[in-house]
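Colleague: how would this look folded up:
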Amino acid sequence: MAAPTKVLVVGDSLSAEYGITRGSGWVALLEQRLQRERVGATVVNASISGDTTSGGRTRLPALLAQHKPTHVVIELGSNDALRGLPLAMTRENLAVMVRAARDVGAQVLLVGMRMPPNYGRAYTEEFASLFGALAKAEGAALVPFMLAGVADSADAGLFQDDRLHPTAKAQPIIFDNVWPVLRTQLRP
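Modeller: Predicted coordinates for the structure are as follows:
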């Protein structure tokens, strides 16, 4: 008998509903969609605001053991880049996380991010490209850019005053970026 479908989301503030009403984030929208479509799946949101890939790498083994997920969504890396951490370290941490999830039989979805251009062209381009390269190398599914349609929108109402964190209004757009890829993984 197959294990029940369980989606574990390991992310940072973008998945932890930072600055918005609880239950209005893209992960909550995922739970609602799964219920509406009668997909027999549960969602565990293990996201922590401010988390880095190092933090996620440290926390992941216990999360995998506790929750026994069939699917793992990894949405980390933004805080590494905002702190100017070495991208080789970010890449390695994400690779270890992808492998650990795969080693317990989970399908992996890596969620890509981009940085504002003020971090320098080389750094921002390397950061943006590391998600696709890693997904390809490790056989993980990929959402190329979580904030597509949000970060490149002229609608100032999609971001909180800090211009880093999306508002509740942006969450359906973020969900629409993640859902098509995850839905493909959830179909038998």
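
Colleague: go through this protein and flag its longest strand.
Modeller: strand 5-11 (DSSP state E).

Colleague: so, low pLDDT: which residues of the protein?
Modeller: Within the chain, the stretches with pLDDT under 70 are 1-2, 188.

Colleague: now the helices for it?
Modeller: In the chain, the segments counted as helices under DSSP state H are 26-36, 53-67, 78-82, 87-103, 121-138, 171-186.

Colleague: among those helices, which is the most enclosed?
Modeller: Across these, the average number of neighbours (mean count of other Cβ atoms under 10 Å) peaks for helix 78-82, which reaches a mean of 22. C-beta: built from backbone N, CA, C; applies to glycine.

Colleague: now tell me what touches that helix from outside.
Modeller: 12, 14, 50-54, 87, 89-90, 93, 113, 115, 119, 123, 127, 164 (Cβ atoms under 8 Å, 6 or more residues apart in numbering).

Colleague: next: stretch 110-123.
Modeller: Contact with stretch 110-123 is made by 11, 14, 73-75, 77-78, 81-82, 84, 87, 94, 98, 124, 127-128, 131-132, 134-135, 138, 140-147, 151, 178, as judged by Cβ under 8 Å, 6+ apart.
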